[in-house]
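[1] just the structure for this:
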Amino acid sequence: MADYIKELNDEQRAAVLYDEGPSLVIAGAGSGKTRVLTYKIAHLLEGGYQPWNILALTFTNKAAREMKNRIALQVGEEKARRLWMGTFHSIFLRILRAESSLLGFTSHFTIYDTADSKSLLRSILKEMGLDEKVYKPGSVQARISQAKNHLVAPSMYANSREVQEDDMRARMPAIKDVYRRYWERCRQADAMDFDDLLFYTFLLFRDHPDVLARYQTQFGYILVDEYQDTNFAQHSIVLQLGKAHRRVCVVGDDAQSIYSFRGADIDNILSFTSAYPGAKVFKLQQNYRSTQNIVKAANSLIAKNQRQIHKEAFSEKEAGEPLTLFQAYSDVEEGEIIANKVMEIYRHEHCTYADFAILYRTNAQSRIFEEVFRKRSVPYRIYGGLSFYQRKEVKDVIAYFRLVVNPNDEEAFKRIINYPARGIGETTVNKIVAAATEHQVSLWTVLCQPTGYGIAFNKGTLNKLQGFKELISGFLERLYHEDAFTLGQAIIQSTGILRDIVQENTPEALSRKENIEELLNGMSDFCGQRKEEGDSHTGLDDFLSEVSLLTDQDTDKDADQPRITLMTVHAAKGLEFKNVFVVGLEENLFPSAMSGDSPRAMEEERRLFYVAITRAEEHCFLSYARTRYRFGKMEFGSPSRFLKDIDARCLRLPHEERPLRSGGSRPATTFSPTPTVEEAPRRLRRITASPAPAVTTPTKRGGSPAAAVSPGQLIEHERFGVGEVIRVEGEGENAKATIHFRNAGDKQLLLRFARFKVIG
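    Residues are numbered from 1 along each chain as shown. As a prediction, this is how the structure comes out:
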């Protein structure tokens, strides 16, 4: 037995050595999945298989490279290099290049990326006279992609009553014709898109049995990584290649199936033993990543799912601390609590910032954490995306704001004059730019008097330009009479940006919509906080001044320094960190409101939470806010149902008593000891069922708001949480109170605008 085989535990070794038929390796979080895959391939090579007889399919190039490198250490570079190992798309492209003539393509066919595909669809929509506002290219593309990934050709699409009814409900009955034209145009152009690489491979094997037989013979052993993420097309092709010899090994974890929105089908892994009768199932249950408490918490959570392959993960690492649950009064206080805890661990446990990750359900949630870390000069990075103010939809809205504050802003003008599309083309804009350059005036000045600067537009174009001018002019008249939130909300509504985005019914469009709503939330908070602090500078220009300081910090010169990672839970899959914070654990946020009516969708949300918890090695912190700004208004929330799914013995719950008044130093949020077996479930039920706080402003006594509070009193603020009044100054409408908040530090609030109630 090779030395590397001896490194494996019993479950891993059994999975690696088995070679008598199909096998399913259920690899729990942190269980050494990559090691098992690479050692199994090395074992096959040493057992007589030639490199070109092994087909290993992965989902990322990075995973393929990592495995090849590891295999090379065991069997040498030459053998590893000659393996058929790579992503589904790269391997199938290689096959299609070799067999292209059988499908009516040349071997040099073009690959259309997403942008190419959208561009062609736009041309087709224009030719067919279809309104892009109804037939959004992104939505059309998504529907065609979904059809291809389910192996539905244009003729099948057109003949499916169910599909046609769905398109009718979406007010896009002509999709079937668009799909047919798109299919034909791609063939005419000798081009395939990414989905075609799967579809045409399936068609090749289906329609040419001799070709299929040749590849079945060549690929004597097939291995697939992350099988829970496969879609119908990928599953079908693996079945085509493996059904003859049945030497198929798939590795994955049904508990980490979280990509249904991309077409992944959990049934592929759940029904593997039905597709391959007699398949052997191996369960890798030892978790090498996390402490015992984290593993037990994750086990108790995922046990609540009905549709799963049962396993009982365990860890032989130290017991570790329970998962800590933070309760915040608001999303703002949640950010402060998390930042405080990060700094506490950073100072006392000698970590680097790279040891921390903040995980959230939606991209939009990054804003509050970005801002709280910026205030503390703590380095962070947005993993797999842009920082909040660099996202396209946010920059589009900010460009409108900039133009309203300064109509002479050339870059803002060019960015949004035809967004959303209002029929003002590039030729028209170029004429305005040329005239402005010649006369040394701004683009806005030319727009206001085009004929005065020697530009002749036809009546239709003039009307469109006039419409844009009147739109912006209307906002200009309101600039100094309304606060940033009120005017910002009006700009977003009147320009139709949100309307334009929501018509494209895709996960990406939903994320863009949430980002714009979060921008409004930030504006509402900006105005409310400044009023409370007695600062009258709440206009759109004031808001932009603050935002410009934030966006300037997005260009970080010290990009290589360790930094905290902010990311969605979806982006975190496959990663691990010493300290993980899972935030925003509220109903309708995590789980998502969109999953409420579907047991299947709710189970995927629970798997998503399982993925989040199992990223943690040593510490896992959970948090929720009792109030959160949504759509620019404060809404009350309730804790996520998933918190009740976790064995309360694995949780450290928030201290339920009010903090005692303190003299000089004031402690951060405190926690009660880990609850006993008997009391834990009762206490957790009480927390997760706690009513929303009744937030009120202080009652005026004797005509003076200052009389409502006095030094030493405890107050409960709707955004900053619990605090102690340090001093009160001024009289009447000018009365101010300095308050030390448990998590947000010292704030000076103008009492007539302050949003709190006295609690002690």
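
[2] check which helix or strand covers the nearest residue to Tyr39 once chain neighbours are set aside.
    In this structure, Tyr39 finds its nearest non-sequential neighbour in Val16, 5.0 Å apart by Cβ to Cβ, 6 or more residues apart in numbering. (Each C-beta comes from the backbone N, C-alpha and C, glycine too.) Take DSSP states H and E as the rule and Val16 turns out to sit in helix 10-17.

[3] if you count neighbours, what's buried in that helix?
    Glu11, Gln12, Arg13, Ala14, Ala15, Val16 (16 or more other Cβ atoms under 10 Å).

[4] and the residues you listed, which is closest to Gln561?
    For these, the minimum distance to Gln561 (Cβ to Cβ) is 36.9 Å, reached by Gln12.

[5] OK, contacts around that closest one?
    Gly32, Arg35, Val36, Tyr39, Leu284 (Cβ atoms under 8 Å, 6 or more residues apart in numbering).

[6] what about it, distance to Val251?
    Shown here: Gln12 relative to Val251, a distance of 11 Å by Cβ to Cβ, to the nearest Å.

[7] common neighbours of these two, please.
    Common contacts of Gln12 and Val251 (Cβ under 8 Å, 6+ apart): Val36.

[8] and the next element down the chain from the helix or strand encompassing Asn340?
    Element membership for Asn340, per DSSP H and E: helix 331-348. Scanning forward in sequence from helix 331-348 by DSSP H and E, the next helix or strand is strand 356-360.

[9] let's see the pLDDT reported for Ser494.
    With respect to pLDDT, Ser494 has a value of 93.

[10] look up phi and psi at it.
    Main-chain dihedrals, Ser494, degrees, to the nearest 10: phi -70, psi -30.

[11] and the nearest residue to it once chain neighbours are set aside, how many neighbours?
    Nearest residue to Ser494 in three dimensions, chain neighbours excluded: Leu471, at 6.6 Å (Cβ to Cβ, 6+ apart). A count of nearby residues for Leu471, using other Cβ atoms under 10 Å, gives 15.

[12] list the contacts for Arg512?
    By Cβ under 8 Å, 6+ apart, the contact set of Arg512 is Arg391, Lys392, Glu393, Ile501.

[13] do Val611 as well
    Ala29, Gln256, Ile258, Val569, Ala572, Lys573.

[14] my guess is the fifth one contacts Tyr360. True?
    No - shown here, Ala572 and Tyr360 do not form a contact pair, counting by Cβ atoms under 8 Å, at 9.8 Å.

[15] so what pLDDT did Arg391 get?
    In the prediction, the pLDDT value recorded for Arg391 is 91.

[16] where in the stretch 1-150 of the chain is pLDDT low?
    Residues of the stretch 1-150 of the chain that meet the criterion pLDDT under 70 lie in 1.

[17] same thing but at 50, please
    Within the stretch 1-150 of the chain, no stretch has pLDDT under 50.

[18] all helices for it, in order.
    Using DSSP state H, counting those that start in this stretch, the helices assigned to the stretch 1-150 of the chain run over residues 3-6, 10-17, 33-46, 61-75, 77-81, 88-99, 114-127, 137-149.

[19] quick check: which of the ones you listed is buried the most?
    With neighbours taken as mean count of other Cβ atoms under 10 Å, those reach their highest mean count in helix 33-46, at a mean of 22.

[20] name the residues that touch the helix or strand hosting Phe413?
    Using DSSP H and E, Phe413 sits in helix 410-416. Residues outside helix 410-416 that contact it (Cβ under 8 Å, 6+ apart) are 395-396, 399-400, 402-403, 406-407, 429, 433, 436, 442-444, 447, 495.
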